[in-house]
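Undergrad: A predicted structure for the sequence below; I have some questions about it.
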Amino acid sequence: MAMSNSSQSGMMSEINVTPLVDVMLVLLVVFIVTAPLLTPQSLKVNVPTTKAVAASDEKKLLPSHLVVDEKGNALLDSVSVTDTQLADILKQKAVDPLFIMKIEADKTVPYGRVAELMAIAQHAGVTSLSFVTISGR
């Protein structure tokens, strides 16, 4: 066995790699744990688009009911209306500072149709919308 003695005046040319390996293993574990968290976990859904309208802070108190039947037809206060008629009527009613529109849609109506009617109401100046639901039976 060769032993070095203190009489040799050379420098030690070996590197201790154990701390380097320890640090690299810790970094590897950190990357393994965090990599699944970086991938998006959401579902891709095609949501209908509408034009954005700035919301008002006013609270309205006089309700008007908009009912959407299973075929997507709109009835405002129990009167059947087309989309253009709905826009005209809501422009007149939205002038009242106490106006609120309640939407009651059949559960089989596509979400896109309800979003269209909401956009019509917002473009007509309606700033307060609410949805009517029935609590679970």
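TA: Structure received. Numbers count the residues shown, from 1 in each chain.
Undergrad: Check the spacing between K93 and I100 real quick.
TA: According to C-beta to C-beta, to the nearest Å, K93 stands 10 Å off from I100. The C-beta positions use only the backbone N, C-alpha and C, and glycine is treated the same way.
Undergrad: More neighbours: which of those two?
TA: Shown here are K93 and I100; by other C-beta atoms under 10 Å, K93 has more neighbours (20 against 17).
Undergrad: List phi and psi for the residue nearest to that one when sequence neighbours are not counted.
TA: Using C-beta to C-beta, 6 or more residues apart in numbering and skipping residues adjacent in sequence, the residue nearest K93 is F99, 5.2 Å away. Phi and psi for F99, reported as degrees, to the nearest 10, are phi -90, psi 140.
Undergrad: Burial check on F99, number of neighbours?
TA: Residues contacting F99 under the criterion other C-beta under 10 Å number 20.
Undergrad: if we can go back for a sec, between K93 and I100, what contacts are shared?
TA: Common neighbours of K93 and I100 (criterion: C-beta atoms under 8 Å, 6 or more residues apart in numbering): S64.
Undergrad: for stretch 111-128, which positions count as buried?
TA: Within stretch 111-128, the residues scored as buried using 16 or more other C-beta atoms under 10 Å are 113-114, 116-122, 124-128.
Undergrad: Just the ones in helices from those, please.
TA: 113-114, 116-122 (DSSP state H).
Undergrad: Reformat these as a markdown table; add pLDDT and distance to H65.
TA: Below are those laid out as a markdown table (pLDDT from 0 to 100; distance: C-beta to C-beta, whole Å):
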| residue | pLDDT | distance to H65 |
| --- | --- | --- |
| R113 | 90 | 17 |
| V114 | 89 | 14 |
| E116 | 92 | 18 |
| L117 | 91 | 12 |
| M118 | 91 | 14 |
| A119 | 92 | 18 |
| I120 | 92 | 15 |
| A121 | 91 | 12 |
| Q122 | 91 | 17 |
